[in-house]
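Q: Pasting a predicted model and its sequence here:
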Amino acid sequence: MASKGRDAAAGLRARVQAFVRGFGLLREATTPCGQPVALSHAHALSVLLSRREVPGATRHKDLADALGLDKSSVARLCRRMEAAGHVRQTAAEGDGRARDVTLTTKGVRLAEAIEAASQERFRRVLRSIPHAERLRVLTALDSLNAAIASLEPGVDA
């Protein structure tokens, strides 16, 4: 019985690896939808764009939680994003150690371009899945995300 579990785990691993590689998630300089930034940079821009209407800036801690990264990784990411002119960082009001991060106009334009390209890529992927299988694919992804989240507390699925 344990052998079947190992075989199933190996099969899951192989399929996830094939997805990661096939979708282009390992490319360091571009997103899978072809935008000229690293994937973590694109995801951070996406989070910041989605929070643009929320009063106040987004703290590094909030960005770390949303991305499933530690604060030091987010601090380095934000420094790179600031150097590229995509975000502005300021000391958080009332807490000199905390940092707030907001999109610049250039960052908003790039985040919107990434969002549009990502939406189009996923529309194309979805169109490639037979209509009768789409719900099963989405349900399977929900199950996979829930299983991963249950193993890694604090990481959004």
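A: Structure's in. What do you need?
Q: any idea which residue sits dead centre in this protein?
A: In the chain, the centroid-proximal residue (Cα atoms, centre = their mean) is His43; its distance is 4.0 Å.
Q: Which helix or which strand is home to that residue?
A: helix 39-50 (DSSP states H and E).
Q: residues in contact with the top helix by length along the chain?
A: In the chain, with assignment by DSSP state H, the single longest helix is helix 105-128. Residues outside helix 105-128 that contact it (Cβ atoms under 8 Å, 6 or more residues apart in numbering) are 31-35, 37, 42, 45-46, 48-49, 52, 81, 85-87, 103, 134. Backbone N, C-alpha and C define where each C-beta goes, glycine included.
Q: which of these are buried?
A: Among these, those buried by neighbour count (16 or more other Cβ atoms under 10 Å) are 31-33, 35, 37, 42, 45-46, 48-49, 81, 86-87, 103.
Q: what would these look like in TSV with pLDDT and distance to Arg127?
A: Converted to TSV, the buried ones among the contacts of helix 105-128 look like this (pLDDT from 0 to 100; distance: Cβ to Cβ, whole Å):
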residue	pLDDT	distance to Arg127
Thr31	86	20
Pro32	86	16
Cys33	85	15
Gln35	86	21
Val37	91	26
Ala42	95	22
Leu45	96	26
Ser46	95	22
Leu48	96	29
Leu49	95	25
Met81	97	32
His86	97	31
Val87	96	34
Leu103	95	31
